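[1] just need the structure, nothing else, for what follows:
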Amino acid sequence: MRRHVTSPRNTSAHRSFAFALVLFLFVVACGSDDGGDVRDLNGDGGSASGSASASASGSASASGTAEAECTPVNSDLAAGAESQIEIQATDYAFTPAKVEVETGVISFEMENAGTENHELAFLPGGGEVPFTEDGHPDEDALAAAGAFELEAFGPGQNCNATYELEPGDYTIFCIVETEDGDTHYELGMRGTLTVTG
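    This is a model prediction of the structure:
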């Protein structure tokens, strides 16, 4: 019977590789831009009446400290938008916090007037953003509810997202985390969007 003997050098190399892989996965999961795996709603330019697209925004635990760049959503729809909504993000609020608009193609222009990264995320159906028992945003529940977003971007930038939205209530929110681990949502960064038929 043949026995396979692993040399100490190979074991060390395997451990180093495994450590590097775990470190890489940690950086990918925790060093991203905005703190939410909420999805871009039909980032391919489709209608919001369907489900969210498969492209995720990033980490569930990233902080708002490393400045992120604007990534517009559905730029191809912006020119044909029937409504344009301007929203200002500060530390930690949206202005206006209540928005009402008629159904159709809606373009949201957000100015980050704060000192941290901020996102503009939407929860169809309205209500509270779900959190897990350990106090983190519940990404599975957000995905199941069809949440979508304009990914977080840094201070002093403007960014645009355009969607074709169905009538209903939506919670607008930001779940970027502070260095202390609190989400901007928990600090008051939330509002409501009502889309009328």
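[2] show me the contacts for Gly168.
    The neighbours of Gly168, taking CB atoms under 8 Å, 6 or more residues apart in numbering as the test, are Pro124, Gly125, Gly126, Thr194, Val195. Quick note: C-beta positions are derived from backbone N, CA and C, even for glycine.
[3] going along the chain, name the strands of this protein.
    Ranges of strands in the chain, per DSSP state E, are 83-90, 93-95, 98-102, 104-112, 118-124, 148-153, 158-165, 168-173, 190-196.
[4] burial count for Asp182?
    When counting by other CB atoms under 10 Å, one arrives at 13 neighbours for Asp182.
[5] where does pLDDT dip in this structure?
    Where the chain drops to pLDDT under 70, the residues are 1-65.
[6] coming back round to it: how about the strands of the chain in a markdown table, adding distance to Leu142?
    Formatted as a markdown table, the strands of the chain follow (distance: least, CB to CB, whole Å):
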| stretch | distance to Leu142 |
| --- | --- |
| strand 83-90 | 19 |
| strand 93-95 | 18 |
| strand 98-102 | 20 |
| strand 104-112 | 18 |
| strand 118-124 | 7 |
| strand 148-153 | 9 |
| strand 158-165 | 16 |
| strand 168-173 | 10 |
| strand 190-196 | 14 |
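[7] count the neighbours of Glu111 for me.
    Number of residues near Glu111 (other CB under 10 Å) recorded here: 17.
[8] one more: the one 5 residues further on?
    For Glu116, the neighbour count with other CB under 10 Å is 22.
[9] now it: phi and psi?
    phi -130, psi 170 (degrees, to the nearest 10).
[10] quick check: it touching Val176?
    Yes. Glu116 is within contact range of Val176, at 6.9 Å (criterion: CB atoms under 8 Å).
[11] quick one on the thing from earlier: quick one: closest of the strands of the chain to Asp138.
    strand 118-124 (11.2 Å; CB to CB).
[12] ok, that closest one: who's next to it in the sheet?
    strand 148-153 (antiparallel), strand 168-173 (antiparallel) (DSSP bridges).
[13] list the buried residues in the last one.
    Translated: strand 168-173. By neighbour count with 16 or more other CB atoms under 10 Å, strand 168-173 contains the buried residues Tyr170, Thr171, Ile172, Phe173.
[14] how near is the nearest residue to Pro167 once chain neighbours are set aside to Ala81?
    Spatially, and ignoring its direct neighbours in sequence, Pro167 is nearest to Gly197 (3.9 Å; CB to CB, 6 or more residues apart in numbering). Gly197 sits 18 Å away from Ala81, going by CB to CB, to the nearest Å.
[15] neighbour count: the two, which is higher?
    Taking other CB under 10 Å, Gly197 and Ala81 do not tie; Ala81 has more neighbours (19 against 7).
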